[in-house]
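Asker: okay, here's the prediction I keep looking at, along with the sequence it came from:
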Amino acid sequence: MGRLTLLFLLGLLAPAWALEVNQATEAELDGLRGLGPAFTRRILAERSLRPFADWPDFMRRVSGMGDVTAQKLSAQGLTVQNQPLKQKPIAVKP
């Protein structure tokens with residue numbers, strides 16, 4: 001019973017760990033590994049024009065935001081429209 005309760009409580013806390021890019025402060029974004037002040041300023045400048053619609057929109061509009069960086073940020077809890085980055089399937093050679 002204790003293990004189930006712990007898992008339930010962790011599930012309740014999980015959304016608190018997410019950081020929505022359309023609402024995050026400059027300091028919160030700077031706190032993510034892989035984002036420095038210049039990168040954060042590019043994100044905030046684009047966001048000031050209009051909110052990011054989804055991950056492809058975010059990646060297209062922010063210079064330097066490639067697949068690898070996006071995956072690392074998503075793994076740290078960054079979301080776009082409260083959605084984590086969907087992982088691309090890895091092609092397996094026969």
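Answerer: Okay, I see it.

Asker: contact partners for the one residue sitting closest to the centre of the chain?
Answerer: Centrality entry for the chain: nearest residue to the mean C-alpha point is L78, 2.0 Å, by C-alpha atoms, centre = their mean. Applying C-beta atoms under 8 Å, 6 or more residues apart in numbering to L78 gives the contacts A18, L19, V21, A24, L32, P84. Backbone N, C-alpha and C define where each C-beta goes, glycine included.

Asker: please redo it, this time with the cut-off set to 6 Å
Answerer: Counting by C-beta atoms under 6 Å, 6 or more residues apart in numbering, L78 touches L19, V21.

Asker: what's the answer for Q76, then?
Answerer: L32.

Asker: before we move on, the earlier item: what is the residue nearest to the centre of the chain paired to in the beta sheet?
Answerer: Bridge pairing for L78 (DSSP bridges) gives the partners L19.

Asker: part of a strand, is E28?
Answerer: No - counting by DSSP: H, G, I helix; E, B strand; the rest coil, E28 falls outside a strand, being helix.
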